[in-house]
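Engineer: task: produce atomic coordinates for the following.
(one chain, ligands or ions: 1)
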Amino acid sequence: MSESKRLFFAIEPPAKIQRQIIRWRAEHFQPDAGRPVAAANLHLTLAFLGDVSADKQQALAKLAGRILQPGFTLNLDDAGQWLRSRVVWLGTRQPPRGLLQLANLLRAQAARSGCYQSPQPFHPHITLLRNTRHAVAIPPPGFHWTFSVTEFVLYESVFSNGRTRYTPLQRFALSEQPRISDEV
Ligand code: 2AM
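Structural biologist: Numbering: from 1, shown residues only. Reported below is the predicted structural model:
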């Protein structure tokens with residue numbers, strides 16, 4: 001029997017925006033505020049799948065590949081801290097409908113395939129700091145990063161040498177956003 005992998009579907013911000021976020025984080029948070037997530041690991045989870053067998057991975061990827069949904073624009077303009085899970089996150093004040101639809105669909109497919117889905121509502125976020133030990137000051141509003149989401153990614157979470165690395169395994173294109181000129 002093949003080994004299982006720890007998998008999740010997520011949105012990967014463009015590398016340039018990952019680097020800008022890292023710079024902004026370094027300017028606004030004290031080095032001891034928490035454990036910083038590496039630039040290449042910054043992502044917005046759509047559906048967490050847990051430990052998945054190769055067969056189930058294939059089935060989930062097939063379902064994901066059938067999703068027909070237009071891309072959308074994501075505006076990261078919000079940040080906060082969850083004291084219980086001890087993370088500082090970046091998010092969006094107005095989640096686009098496309099984002100919520102995509103996450104709902106992937107979460108429903110995962111649940112139907114037997115991957116436990118948390119009953120907690122979906123709070124789209126990019127974790128910036130982990131293991132925060134105390135409340136930190138969140139930078140005032142005014143920051144934002146905007147990008148087009150044209151695909152989503154199946155990631156594997158690999159823990160080795162004391163580090164977690166998120167490796168993209170497969171990319172799924174969203175269809176082009178409809179343009180006025182496409183209308184009949
Ligand atoms: P987090 O950043 O808020 O911790 C990989 O672990 C990704 O899946 C992370 O973005 C993590 O969110 C998310 N995730 C959602 N539910 C999870 C769970 N039950 N266990 C681990 N990660 C989970």
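Engineer: use CA for all of it now, contacts and neighbours both
Structural biologist: OK.
Engineer: how about the helices in this protein?
Structural biologist: Assigned by DSSP state H, the helices in the chain fall at 15-28, 54-65, 97-112.
Engineer: out of these, which comes closest to the ligand?
Structural biologist: Ranking those by proximity to the ligand (CA to the nearest ligand atom) places helix 97-112 first, at 10.8 Å.
Engineer: pick the most deeply packed of the helices of the chain.
Structural biologist: Mean neighbours per residue, mean count of other CA atoms under 10 Å, is largest over these for helix 97-112, with a mean of 17.
Engineer: from the ligand, how far out is the spatially most central residue of the chain?
Structural biologist: Centrality entry for the chain: nearest residue to the mean C-alpha point is residue 44, 1.4 Å, by CA atoms, centre = their mean. As judged by CA to the nearest ligand atom, to the nearest Å, residue 44 and the ligand stand 6 Å apart.
Engineer: need the residues of the protein near the ligand, please.
Structural biologist: 8, 45, 48, 127 (CA under 6 Å from any ligand atom).
Engineer: can you lay out these as a markdown table showing neighbour count?
Structural biologist: Output for the residues of the chain next to the ligand, formatted as a markdown table (neighbours: other CA atoms under 10 Å):
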| residue | neighbour count |
| --- | --- |
| 8 | 22 |
| 45 | 22 |
| 48 | 21 |
| 127 | 21 |
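Engineer: give me the subset of these lying in strands.
Structural biologist: Among the residues of the chain next to the ligand, the ones falling in strands (DSSP state E) are 8, 45, 48, 127.
Engineer: can you put those in a markdown table and add distance to residue 176 and pLDDT?
Structural biologist: Shown next, in a markdown table, are these (distance: CA to CA, whole Å; pLDDT from 0 to 100):
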| residue | distance to residue 176 | pLDDT |
| --- | --- | --- |
| 8 | 23 | 98 |
| 45 | 21 | 98 |
| 48 | 25 | 98 |
| 127 | 28 | 98 |
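Engineer: could you list the low-pLDDT ranges of the protein?
Structural biologist: For the chain, applying pLDDT under 70 flags the ranges 1-2, 177-184.
Engineer: mind listing the strands for it?
Structural biologist: 5-11, 35-36, 44-52, 72-76, 78-82, 87-91, 126-130, 145-149, 151-160, 163-173.
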